[in-house]
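# Structure, please.
(chains A and B)
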Amino acid sequence: GENVEQHPSTLSVQEGDSAVIKCTYSDSASNYFPWYKQELGKRPQLIIDIRSNVGEKKDQRIAVTLNKTAKHFSLHITETQPEDSAVYFCAAPDYGGSQGNLIFGKGTKLSVKP
Amino acid sequence: EAGVTQFPSHSVIEKGQTVTLRCDPISGHDNLYWYRRVMGKEIKFLLHFVKESKQDESGMPNNRFLAERTGGTYSTLKVQPAELEDSGVYFCASSQASGGRDGYTFGSGTRLTVV
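Numbering: from 1, shown residues only, chains lettered A, B, ... in the order given. Prediction:
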């Protein structure tokens, strides 16, 4: 089955700096990679995703890059703001099950200091 | 559209008691998933329904956990009898396509505390 590793577990940055979170996956058949943001006490929310036919996707201050050869993908947040503080989870599909369910990384707690 | 709703939002029960969690997915979403997050750890897969059928229940920890989705609408997750290690936040999610092709919409979770 799929195995997803996520680093770092905690990340602290100054407001305005960039933040990068990295994930690796094990199943070369995986072709969909979402990122979720979970603010304190709230539900995880999908913020960006990428499919294996592209290497990079951007949405305003957020970008995700994918290296299929190395089996890793990263979340990049530029010009961080205090409201970016949250736990971020990467995920990849596990095709070991019949239709694929998402396997999540352990999360990265991002703190943006004003 | 209405989101994924879960209740209760919190539950505190004693070891050995029974608790039933409920999830109402987004209308029309055939795929429904249960996940659990134990404090500080990953969001761990429990099981996956497609309509009323259990597609994958490989993540269910043991036979004290029973999930149902009668009629392919809402789902329940029963823990009987509850143990201390069952404490955590139980998330339900739904999607139109299966998880390998599209993202999920999560519910707000049920925080279960077993004392």
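# CA only for contacts and neighbour counts going forward, please
Will do.
# Skipping its backbone neighbours, what lies nearest the residue in chain B that chain A sits nearest to in space?
For chain B and chain A, the shortest gap (Cα to the nearest Cα) falls at B:E42, measuring 3.8 Å. Taking Cα to Cα, 6 or more residues apart in numbering or on different chains as the measure, B:E42 lies nearest to A:K106, with 3.8 Å between them; neighbours along the chain are not counted.
# Then A:P44?
When the adjacent residues along the chain are set aside, A:P44 lies closest to A:Q38, with 4.3 Å between them (Cα to Cα, 6+ apart).
# List the residues that contact that neighbour.
Residues near A:Q38 by Cα atoms under 8 Å, 6 or more residues apart in numbering or on different chains: A:P44, A:Q45, A:A86, A:V87, A:Y88, A:F89.
# How about B:C92: what's its closest non-neighbour residue?
Taking Cα to Cα, 6+ apart, and ignoring the residues beside it in sequence, B:C92 has B:W34 as its nearest neighbour in space, at 4.6 Å.
# Remind me what the helix or strand hosting that neighbour packs against, helices and strands.
Taking DSSP states H and E as the criterion, the element that holds B:W34 is strand B:31-37. Using 3 or more Cα pairs under 8 Å, 6 or more residues apart in numbering or on different chains; DSSP states H and E as the contact definition, the elements that strand B:31-37 packs against are strand B:43-50, strand B:88-95.
# if you set the cut-off to 10 Å instead, what comes out?
Identification of packing neighbours for strand B:31-37 by 3 or more Cα pairs under 10 Å, 6 or more residues apart in numbering or on different chains; DSSP states H and E yields strand A:101-104, strand B:19-24, strand B:43-50, strand B:53-56, strand B:75-79, strand B:88-95, strand B:105-106, strand B:110-114.
# in its sheet, what does it sit against?
Paired strands of strand B:31-37, with direction, are strand B:43-50 (antiparallel), strand B:88-95 (antiparallel) (DSSP bridges).
# Highest mean neighbour count across those strands, which stretch is it?
Each of the strands paired with strand B:31-37 was given a mean neighbour count from mean count of other Cα atoms under 10 Å in any protein chain shown, and the largest, a mean of 25, is that of strand B:88-95.
# rewinding a little: go ahead and measure how far the strand holding B:W34 is from the middle of the chain.
Remark: strand B:31-37 is offset 5 Å from the chain centroid, using Cα atoms, centre = their mean, to the nearest Å.
# ok and that strand relative to strand B:110-114, angle-wise?
40 degrees (axes from the mean of the first three to the mean of the last three Cα atoms, to 10 degrees).
# Strand B:19-24 and strand B:31-37, what's the angle between them?
Orientation note: strand B:31-37 sits at an angle of 140 degrees relative to strand B:19-24 (the same axes, to 10 degrees).
# Just the closest residue of chain A to chain B, please.
Taking Cα to the nearest Cα, chain A has A:K106 as its residue nearest chain B, at 3.8 Å.
# What's the mean pLDDT across stretch B:86-96?
Averaged across stretch B:86-96, the pLDDT comes to 94.
# what separates it from the chain centre, distance-wise?
Distance, centroid of stretch B:86-96 to centroid of chain: 4 Å (Cα atoms, centre = their mean).
# what's the answer for stretch A:52-67, then?
The gap between where stretch A:52-67 is centred and where its chain is centred comes out at 10 Å by Cα atoms, centre = their mean.
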